[in-house]
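Student: Give the three-dimensional model of this entry:
(chains A and B)
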Amino acid sequence: KNEVEQSPQNLTAQEGEFITINCSYSVGISALHWLQQHPGGGIVSLFMLSSGKKKHGRLIATINIQEKHSSLHITASHPRDSAVYICAVPHLGSQGNLIFGKGTKLSVKP
Amino acid sequence: NAGVTQTPKFQVLKTGQSMTLQCAQDMNHNSMYWYRQDPGMGLRLIYYSASEGTTDKGEVPNGYNVSRLNKREFSLRLESAAPSQTSVYFCASSEWGQGGVGNQPQHFGDGTRLSIL
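Tutor: Numbering: from 1, shown residues only, chains lettered A, B, ... in the order given. Predicted coordinates:
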C-alpha cells in the first residue's frame, strides 16, 4: 500500500506570501493528484501530474519522481485561497484507486 | 452543468435506522466512488464501481452496501446505522484511465453530512 504524508498539517500565512505545501509518498506512482477542499466542504481537483511541473493561475504543482515528492505552491496568496489542500496517489492494487493524504489546512490572513 | 449531485445534503438518523444516499453524475463517466471523511483522517474509499454493472469493496466497506443502478447513478445504503458511521460522505466519478482509475481526475459531489445518534 502506498503511504501519503503531507506537511505541514496547518499553515497560516499573510496575504501576498508565497506558500509551499509538501507531499511525500512511499511507492512509485503513475500520477499524483492535488485537490482543494473549500471551507464549505466541496472538493475540486486542481492538478494531476506524473512528471515535471504544472501551472494554473497562481498555483504551481511540481513532482520529483526519484525523490517521491511533490509540492504545491501558491504565489501572491489571497484570503480566498484559504482551504484544505489534499494530495492523493494511486493504490498499487485495487485498480489504482486513490489513497489520500490527511490534508494541509491553509489560512491566509488579510 | 450539474456534475456530481448527491442527496440528501444533511441527515440525522437514530441507531439501527436504514437509509440510502443517492448520487448521480451527468458527465458520462464510467467509474464512480463513495468515500467517507472523518476528522483527522484522509478520505477513505468505501465502495467503488469501475464500470456499469460492477461494484467492489474499498478500504472501509463494513456496514455499507452499494448499487450501480445505471451508468449515471450509484447509491450507498446503510442497512442498520451505527454511531461509528457518523461522517461526511462524498460521491465522486471519473473516466477509466489507462492503468487504472488513479490516472484520471475525479469529480466530487458536495457531500452528505450524516449524524447517527
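
Student: ranges for the strands of chain B?
Tutor: Remark: strands assigned in chain B by DSSP state E are B:4-7, B:10-13, B:19-25, B:31-37, B:44-49, B:56-57, B:64-68, B:74-78, B:87-94, B:107-108, B:112-116.

Student: Any residues of chain A in contact with chain B? List them.
Tutor: Residues of chain A lying near chain B by CB under 8 Å from any CB of the partner chain: A:4, A:29-31, A:33, A:40-45, A:48, A:86, A:88-91, A:94-103. To be clear about C-beta, it is placed using only N, CA and C from the backbone, and glycine gets the same treatment.

Student: Could you pick out the buried ones from the residues you listed?
Tutor: Buried by 16 or more other CB atoms under 10 Å in any protein chain shown: A:4, A:29, A:31, A:33, A:41, A:43, A:45, A:48, A:86, A:88-91, A:94-103, out of the residues of chain A next to chain B.

Student: From residue B:18, how far out is the residue nearest to the spatial centre of chain B?
Tutor: With distances taken as CA atoms, centre = their mean, residue B:34 lies nearest the centre of chain B, 2.1 Å away. With distances taken as CB to CB, to the nearest Å, residue B:34 is found 16 Å from residue B:18.

Student: same question, residue A:40
Tutor: In terms of CB to CB, residue A:40 sits 28 Å off from residue B:18.

Student: where are the low-confidence patches of chain B?
Tutor: For chain B, the stretches with pLDDT under 70 are B:1, B:97-101.

Student: again, only this time at 80
Tutor: Along chain B, the parts satisfying pLDDT under 80 run over B:1-2, B:96-103.

Student: Now the element after the helix-or-strand element of chain A with minimal mean pLDDT, going C-ward?
Tutor: When each helix and strand of chain A is scored by mean pLDDT, DSSP states H and E, strand A:98-100 comes last, with a mean of 91. On the C-terminal side of strand A:98-100, the nearest following helix or strand under DSSP states H and E is strand A:104-109.
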